[in-house]
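Visitor: build me a model from this:
(2 chains)
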Amino acid sequence: MGVLQWFDDNLVSMVDGVAFGLLLFTLAVGLSLVFGMMDVLNLAHGTLYLVGAYAAYSLSDGSLLGLAVALGVGLLVGAAGGVVLAGMTQPLAGRGHLDQAVLTLGVSFIVADVLASAYGAEVLPADPPSALRGSVSVLGHTYPVYRLVFIAVAAALALVVWALFERSSLGALVRATVADRDMVRALGVDTRVVLFAVFAFGAGLAALGGVFGAPILGPGPGVDETVLVLSLVVVVVGGLGSVSGALLGALLIGQVQTLGVAVVPEYAPFLLFGTMLVVLAVRPAGLVSLTKRQTA
Amino acid sequence: MFGSHLGRRAAGRSRLVGAVGALALLATACGGSSLGGEEGGSGSGGSDGPVKIGLLVPQSGVYNALGNDMKAGFETYLEQHDNMLGGREVKVVLADEGETPESGRAAAEKLVKKDKVDAVVGVVSSATMMGVKDLFESSKIPLVGSNASPTTLTDTTYIWRTSYVNDEPGIALGEYVAKEAGGPVYMIAAGYQAGEDEIEGFKTTFEPAGGEAVGDPVYTPFPATTNFQPFLSNVQKSDAKAVFTFYAGGAAVDFVKQYAQFGLKDKMPLYAPGFLTEGGVLQAQGDAAEGVFTSMNYSPDLDNELNTAFVADYEAKTGTKPTTYAMATYDAAKVLDMAIEKAGDEVTSETINAAIGELGDIASPRGTWKFNDNGTPIQMWYLREVQKTANGLENVRVAELGTLGD
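Guide: All right, here's what the predicted structure looks like:
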């Protein structure tokens, strides 16, 4: 009974943790693959979310069609942004992560300033399509309809991404490039095409997360930094360059940020980085580690 | 080859962890801090030539919107008075407060030392206010602050505030909520100085009036919290009959929207200092804000001649109704107008400051008020409710909460 009562008390937090976790997954998976594959630390990744969220704000007019248009535009702009970023960081490939970090951080500052001068300093209201507004009762608890729909869509998206990377031959090629780029190149594959494609894919996904996530985490100055830090934590916790790692890490951080905060609200400021600290202490390479898989 | 590859990966990981740490720092430390403003000549003062007033408000960063309101309020007053204060022509020097106390202090130093202004108006951030306190006290230039007002700012000679003291919006609501709540009240606020000031202020009038609290106040991490669901779940679980909260800016938008989405809006009335629904945030909150009760020293629907003219001119200029930030900065211009007039022939920083101390009643869009010994207003507080009007959602005055400040 005690357990059931606890479960009932915290049901909303757990459901919301899944929604939040899946949102983090759409962001973190691109960052993780790009860093794992291209060895590029892309600190402009949060900017892609921001671009997607502003696209949702500008283009959604309360209809489902508006959302679809915003999705298309977000995906295109995001993927194009990914290709540009890949092209910009390519010449720096031999110069280490610091140069990449400075370059991409500079890009994120510039884009953030441009967006701020175009959209102003306030956090903007990005309302979901009117068909998805309002709240429903989930086992006696009130929960926003949009977040439920978001869970379904994002879960499907996560499944597709996971199947693509972990179960298809295309994914095998990508994973092989993560594991040993030189060997794949020796097999006659132009790894640069793979790299650009993965960068565009990850960036498009982050922008897609922005479009879908805008009603949950709306666009405004500083939001790009918030989501970037969260994605980096997910990548560190989940393990580099792995889709299942990003998914596991994102779902864990999602629960920590909702269920964890609800259960011990007084420790809310420490939970996120506390979790990262514990994972790093126990499994320094993250929950799902590619290096482990290699040596095993 | 394999070994070196693993080595590279390990190095990459440690850099990644470092990057996370660096970014967390960056997110808090790095703000827009460019200095704006016009070039000024040398000092004015004396009995002829224009009076130089520094306008120190954010023109960048997260407080930009507040800064714009304040600037527009100041300009509205000058436009109503042919760019004259106390019979003297005015030269306004604009400086960008930015986001941090560092950028604010640098801008204030420029106004005082380089532009040699006679008085300064503005300041949004409480941290900036504390950071520039000694500068104004030691250079003997009056700062007529029109927003920031930490409770710890006392014993000043040259610093005045036309706004309120930070804990007063909470103090104003305590007794009313204790009477109206009809049961225990849940307290939840942003976890930084302003949030704690409001909660403590609220308690000083709420508890003596017989109000009952649900446990200790809950402080949410600021500005990190954007998803309030876990906190709202705990509110939902409690036996609270009403909620007292403090948020401003983007956090206020998230909090109010989610308060409605998670079904609390129709269950527990929400009470807060006016910032929760002030200015642009109200439009962003939309229908979720309907029925929220807030306390403020001003409401655009106040019925007096000065306010009617102020609202009309401000609306013509900006297209929006004035906020309390705009009104307080409008009043700062009014205070300087009266003080420069009073200073007579010898207009210097020190005569202006002495004159401010002797102003007595000040007629304002908020109603008549005056400075107390601490340099903050003795003024009426109002209860406002967010209602749907012909002009969309607005803060509508529903009751008087009494006079504070004396």
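
Visitor: any chance you could map the helices in the chain?
Guide: Just so you know, I chose chain A. A:2-38, A:45-59, A:64-89, A:96-119, A:145-167, A:169-179, A:181-186, A:191-213, A:223-238, A:243-255, A:261-263, A:268-282, A:290-295 (DSSP state H).

Visitor: that's the other chain; I wanted chain B
Guide: B:2-29, B:64-80, B:101-109, B:126-139, B:168-180, B:193-206, B:229-237, B:249-261, B:280-285, B:305-318, B:324-343, B:349-356.

Visitor: got these as JSON lines, with mean pLDDT and mean neighbour count columns?
Guide: The way it works is simple: take the backbone N, C-alpha and C, and place the C-beta from them, glycine included. Converted to JSON lines, the helices of chain B look like this (pLDDT from 0 to 100; neighbours: other Cβ atoms under 10 Å in any protein chain shown):
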{"stretch": "helix B:2-29", "mean pLDDT": "52", "mean neighbour count": "14"}
{"stretch": "helix B:64-80", "mean pLDDT": "94", "mean neighbour count": "23"}
{"stretch": "helix B:101-109", "mean pLDDT": "94", "mean neighbour count": "22"}
{"stretch": "helix B:126-139", "mean pLDDT": "94", "mean neighbour count": "19"}
{"stretch": "helix B:168-180", "mean pLDDT": "95", "mean neighbour count": "23"}
{"stretch": "helix B:193-206", "mean pLDDT": "92", "mean neighbour count": "22"}
{"stretch": "helix B:229-237", "mean pLDDT": "92", "mean neighbour count": "22"}
{"stretch": "helix B:249-261", "mean pLDDT": "90", "mean neighbour count": "24"}
{"stretch": "helix B:280-285", "mean pLDDT": "86", "mean neighbour count": "22"}
{"stretch": "helix B:305-318", "mean pLDDT": "96", "mean neighbour count": "16"}
{"stretch": "helix B:324-343", "mean pLDDT": "96", "mean neighbour count": "25"}
{"stretch": "helix B:349-356", "mean pLDDT": "95", "mean neighbour count": "21"}
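
Visitor: quick one on the thing from earlier: in a markdown table, list the helices of chain A along with mean pLDDT and mean neighbour count.
Guide: Output for the helices of chain A, formatted as a markdown table (pLDDT from 0 to 100; neighbours: other Cβ under 10 Å):
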| stretch | mean pLDDT | mean neighbour count |
| --- | --- | --- |
| helix A:2-38 | 88 | 23 |
| helix A:45-59 | 93 | 28 |
| helix A:64-89 | 92 | 19 |
| helix A:96-119 | 91 | 17 |
| helix A:145-167 | 92 | 16 |
| helix A:169-179 | 84 | 17 |
| helix A:181-186 | 88 | 14 |
| helix A:191-213 | 91 | 25 |
| helix A:223-238 | 92 | 26 |
| helix A:243-255 | 93 | 25 |
| helix A:261-263 | 90 | 22 |
| helix A:268-282 | 90 | 15 |
| helix A:290-295 | 48 | 14 |
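
Visitor: and B:Lys113, which of those helices is closest to it?
Guide: Ranking the helices of chain A by proximity to B:Lys113 (Cβ to Cβ) places helix A:96-119 first, at 28.9 Å.

Visitor: run through who's touching the closest one.
Guide: A:39-47, A:50-51, A:54, A:57, A:85, A:88-89, A:92, A:219, A:221, A:224, A:228, B:12, B:15, B:19, B:32 (Cβ atoms under 8 Å, 6 or more residues apart in numbering or on different chains).

Visitor: before we move on, what about stretch B:78-85?
Guide: Applying Cβ under 8 Å, 6+ apart, the contact partners of stretch B:78-85 are B:Val51, B:Ile53, B:Glu89, B:Val90, B:Val92, B:Ala309, B:Asp313, B:Lys317, B:Ala333, B:Leu336, B:Asp337, B:Ile340.

Visitor: just give me the closest of those residues to chain A.
Guide: Of all these, chain A sits closest to B:Lys317, with 17.3 Å by Cβ to the nearest Cβ.

Visitor: tell me the contacts of the closest one?
Guide: Contact analysis of B:Lys317 by Cβ under 8 Å, 6+ apart lists B:Ala72, B:Glu75, B:Thr76, B:Glu79.

Visitor: just flag the most distant two among the residues you listed.
Guide: Largest pairwise distance in these, by Cβ to Cβ, is 10.0 Å, between B:Ala72 and B:Glu79.

Visitor: per-residue pLDDT, A:Pro125?
Guide: The confidence metric pLDDT takes the value 72 at A:Pro125.

Visitor: can you name the residues that contact the nearest residue to it once chain neighbours are set aside?
Guide: For A:Pro125, ignoring the flanking residues on the chain, the nearest one in space by Cβ to Cβ, 6 or more residues apart in numbering or on different chains is B:Ala284 at 4.1 Å. By Cβ under 8 Å, 6+ apart, the contact list for B:Ala284 reads A:Glu122, A:Val123, A:Leu124, A:Pro125, A:Gly218, B:Val253.

Visitor: could you do B:Gln285 as well?
Guide: Per Cβ under 8 Å, 6+ apart, neighbours of B:Gln285: A:Pro125, B:Ala252, B:Val253, B:Val256, B:Lys257, B:Thr277, B:Leu393.

Visitor: repeat that with 7 Å
Guide: B:Gln285 makes contact with B:Val253, B:Val256, B:Lys257, B:Thr277, according to Cβ atoms under 7 Å, 6 or more residues apart in numbering or on different chains.

Visitor: could you measure from it over to B:Gly183?
Guide: Distance from B:Gln285 to B:Gly183, counting by Cβ to Cβ, to the nearest Å: 26 Å.

Visitor: B:Ile199 now?
Guide: Following Cβ to Cβ, the distance that separates B:Ile199 from B:Gly183 is 19 Å.

Visitor: since that was my last question, I'll sign off now.
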